[in-house]
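> Next come a sequence and a model predicted from it.
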Amino acid sequence: MPRPPSARASPPISAPTRETISSACAAPSISPWPPPPTSSRKERMMTIARKQFLLGTVSGLALIGGGQGVFGRALAQTLVGGAGPGNRVLVVLNLQGGNDGLNTLVPYGDPVYQRMRPDLALTPHDVLAIDAAVGLNPAMRALKAMYDKGRVAIVQGAGYPNPDHSHFRSTEIWQTADPVGYDATGWLGRLLDRADWPKSLFTGVAVSPVLPELFIAERHDVPAIDAGVRGFRLAIDGTRGGAQDFAAQSDAADLPFRSPFLPTIAEVQRDTQRGSEELPKLVAGYKATASYSATGIGRSLALAAQIIGTPALGTRIIYVAHGSFDTHVSQKATQDRLLGQLSDALAAFYDDLAAHGNDQRVLTMTFSEFGRRVEENASRGTDHGEAGPMFVIGPVRGGLYGTPPSLERLHEGNLAYSTDFRSIYATIIERWLGRSASGVLAGDWPMLPMLG
């Protein structure tokens, strides 16, 4: 990969100390990125990148180390200022790749749906009917049982104006909550910066091998923890979520700061691994009571339940991801499998939470960067679309919300959005987390009545 121009011209850098190790992240990103309209976003992201030096050890539940170094002190501060057991938690679940909403919340009675999808359309006999018009995918039986108990709210037709069909750009829009500009921070990062929660290293946690853009903040660091891979990982480029081994990344780019920084990083790694015994001891009292599937989403939600069940960590927001739902080819088998895994994992998650008395304080919200086109393609799949449903699970006023998108009035062959996703964000920020959406989201957004 070619080096960034600024990297070629940089003078040699002296070896850093342990206290200044995070400055390694100020180096130019080597990840590809479309240039923004102005340089302001890039400059802000370079400043923020310096703060996103993240260490994670993912041997089951060994998170971030408890040694006497930089991260040992951060952990000690967390345990002093951790939140109590009654605090509300938000779990944000990303259905990566663009989930097909039409075969998730299925308009099974609409003849247009049947006509536009001769191979992919689900029949009235197939679906798990919610009412006379729509039902859930048959793979989602566990989630349908939760819906029947009033524990699931479904927002129909979620999207935003002038939608983008690029995975990269649309993901950025959903994660920054900025369809117009190029904000350098994520919507949850801005929330963490503004919320008056007790100081904790784990206020926000990404159960992910990479840090998602929605957690990029100006004044708050968020750890990224991979629940499915064993070993020490770190993300040096938080603005891109690049959780790659630092040495390998530096070698590939031939960056000038490669050699002087590696010894210090290795020292911090050793310190973190030595100190990582403390946090597992802290969470060891949590015993899962549910049977989680041996899938990525099952492992991620099992880890999320254990983090939530350890109040001393002070966690308020957790990110998990599932997919890929990018079903251009042979969609039915792939999507059914993924939706079944999602449904079963969510049911196990809430059963586990309930057994520990935590289910009434945990809200889960799903999102996906876009839906799929209404008409199936020649490969028995669907291509990038626009609007789709969002699920909000937990202590909600269950039911259907928003206006169902019309199959008769499409937007360039796609479902037109009827509810701006920022209304869902605003509702959750204000009515679940009890914080102001002002400064987190631009503009004022109508609230949905799904939360008390």
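Arrived safely.

> And the helix or strand hosting residue 115, what's buried?
Counting by DSSP states H and E, the element that carries residue 115 is helix 111-116. Buried residues in helix 111-116, counted by 16 or more other Cβ atoms under 10 Å: 113, 116. Glycine gets a C-beta too; all of them are placed from N, C-alpha and C.

> do the same with stretch 402-419
Neighbour-count burial for stretch 402-419 [16+ other Cβ under 10 Å]: 402, 404-405, 407, 410, 414-419.

> One more: stretch 445-452?
445, 448, 450-451.

> Quick one: end-to-end length of that stretch, please.
Distance across stretch 445-452, first residue to last, is 17 Å (Cα to Cα, to the nearest Å).

> do the same with stretch 103-120
End to end - Cα to Cα - stretch 103-120 spans 8 Å.

> pLDDT (mean, whole number) over it?
Taken as a whole, stretch 103-120 has a mean pLDDT of 97.

> if I pick residue 128, what's in contact with it?
135-138, 140-141, 144 (Cβ atoms under 8 Å, 6 or more residues apart in numbering).

> List buried residues within these.
Neighbour counting by 16+ other Cβ under 10 Å classes 135-138, 140, 144 among the contacts of residue 128 as buried.

> partner strands of whichever helix or strand residue 318 is part of, parallel or antiparallel?
Here residue 318, judged by DSSP H and E, is contained in strand 317-322. Using DSSP bridges, strand 317-322 pairs in its sheet with strand 89-95 (parallel), strand 204-207 (parallel).

> Only alpha carbons, please: show it as PDB.
Provided in PDB are the C-alpha atoms of strand 317-322 (Å, rounded to 0.1, in the frame of the first residue of the first chain):
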ATOM      1  CA  ILE A 317     -23.600   1.600  26.000                       C
ATOM      2  CA  ILE A 318     -22.500  -1.600  24.200                       C
ATOM      3  CA  TYR A 319     -22.100  -2.100  20.500                       C
ATOM      4  CA  VAL A 320     -22.300  -5.500  18.800                       C
ATOM      5  CA  ALA A 321     -22.500  -6.500  15.100                       C
ATOM      6  CA  HIS A 322     -24.000  -9.400  13.100                       C
END
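
> what residues does it touch?
Here strand 317-322 has contacts from 89-96, 188, 191-192, 203-208, 212, 214-215, 296-297, 300-301, 304, 307-308, 338, 341-342, 345, using Cβ under 8 Å, 6+ apart.

> Same question for stretch 407-418.
The contact list for stretch 407-418 (Cβ under 8 Å, 6+ apart) reads 101-102, 107, 110, 112-113, 116, 156-161, 163, 371, 373-375, 385-388, 402-406.

> Kindly write the ChimeraX command that selects the buried subset of those.
Entered in ChimeraX, the line below selects the buried ones among the contacts of stretch 407-418, by 16+ other Cβ under 10 Å:
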select :101,102,107,110,113,116,156,157,158,159,160,163,371,373,374,375,385,386,387,388,402,404,405
